[in-house]
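# what's the 3D shape of this:
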Amino acid sequence: MKVLVACEYSGVVREAFSKEGHNVLSADFNPSYDNNINHYIGDCFDLIDIFHFDLMIAHPPCTYLCSSGMHWTKRGFRDYKLTQDALFFVWELMQAPIELIAIENPIGIISSKIRKPDQIIQPYEFGENSSKKTCLWLKGLPLLKSTEYVEPRIVVDGFKKPRLRWGNQCDSGQNKLTPSPDRWKVRSVTYSGIAKAMALQWGTIR
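The predicted structure follows:
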């Protein structure tokens, strides 16, 4: 298959499909981590307008779309036009002339402003010791099937019900990553277990 991985600089999804023998290009305004020649630095629509892709996996930036980001927008610390522009970009991706499309994003405003996701997945359903709700908007693709469930640890205290926590979470449920300039980059990288499932399950559609 000819596959486009839009808005990805980590190369995780690109390489998962490449290992299965597909012809894959990734695109992002950031350089790829591995300086791979199959990565385009620029607008993904530059490639969409040239190549006839069979499948696109898109990871539009979630800064102005996710629930945590909207907290700042609603309080007036961010211009709402940034969210409108981000939503329009998602809509453009959904309308791209590609037969098979998957758009990935955290819980956020896409669900209420465009449409609800077809599926919500967790990394711990795909062999990863992590929790992070991830929405998938699909076109022409089946729901992604869980591959391996990772058991959580159970946090118990004297005042609340037992809580389930995975390796990336502290006992209160917050992500363990400390604040840093690159924190958003680390959190945006697709888990390899999910990328592998996408390649194995969606790479055999045609």
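
# can you give me the strands for this structure?
Using DSSP state E, the strands of the chain run over 2-6, 23-28, 39-41, 55-58, 100-106, 119-121, 134-139, 153-155, 163-165.

# and residue 64, which of those strands is closest to it?
Taking CB to CB, strand 100-106 is the member of the strands of the chain nearest to residue 64, at 11.0 Å. Just so you know, the C-beta spots here come from the backbone N, C-alpha and C atoms, and that holds for glycine as well.

# got a list of what the closest residue to residue 145 other than its chain neighbours touches?
In space, residue 145 comes closest to residue 201 once its chain neighbours are excluded; the distance is 6.3 Å by CB to CB, 6 or more residues apart in numbering. For residue 201, the contacting residues are 142, 144-145, by CB atoms under 8 Å, 6 or more residues apart in numbering.

# What about these, which one has the most neighbours?
Ranked by the number of neighbours (other CB atoms under 10 Å), these place residue 144 first, at 20 neighbours.

# any idea how far that residue is from residue 21?
Taken as CB to CB, to the nearest Å, the spacing of residue 144 relative to residue 21 amounts to 20 Å.

# do residue 15 as well
The separation that residue 15 has from residue 21, given CB to CB, amounts to 12 Å.

# These two: which is more packed in?
When neighbours are counted by other CB under 10 Å, residue 15 and residue 21 differ, and residue 15 comes out ahead with 20 against 10.

# and that one, what does it touch?
36, 195.

# repeat that for 7 Å
Taking CB atoms under 7 Å, 6 or more residues apart in numbering, we find residue 15 in contact with no residue.

# Out of the strands of the chain, flag the one nearest residue 112.
Put simply, out of those the one that sits nearest residue 112 is strand 134-139, at 11.8 Å, with distance taken as CB to CB.

# Off-centre distance for the closest one?
Offset of strand 134-139 from its chain centre (CA atoms, centre = their mean, to the nearest Å): 9 Å.

# Let me see the mean pLDDT of it.
When the per-residue pLDDT values of strand 134-139 are averaged, the result is 97.

# Over to stretch 143-159?
Mean per-residue pLDDT for stretch 143-159: 91.

# and that stretch, which residues are buried?
Of the residues in stretch 143-159, those buried by neighbour count under the rule 16 or more other CB atoms under 10 Å are 144, 150, 155.

# isn't the last one right next to residue 166, touching?
Spelled out, it's residue 155. No - using CB atoms under 7 Å, residue 155 is not in contact with residue 166; the gap is 10.9 Å.

# Kindly state the pLDDT recorded for the nearest residue to residue 91 once chain neighbours are set aside?
Nearest in space to residue 91, with sequence neighbours left out and distances taken as CB to CB, 6+ apart, is residue 114 at 6.0 Å. As predicted, residue 114 sits at a pLDDT of 95.

# pretty sure residue 114 is touching residue 89, no?
No - with contacts counted by CB under 7 Å, residue 114 stays clear of residue 89, the gap being 11.0 Å.

# ok, those two, which is more surrounded?
Neighbours per residue, other CB under 10 Å: of residue 114 and residue 89, the larger number sits with residue 89, 19 against 16.
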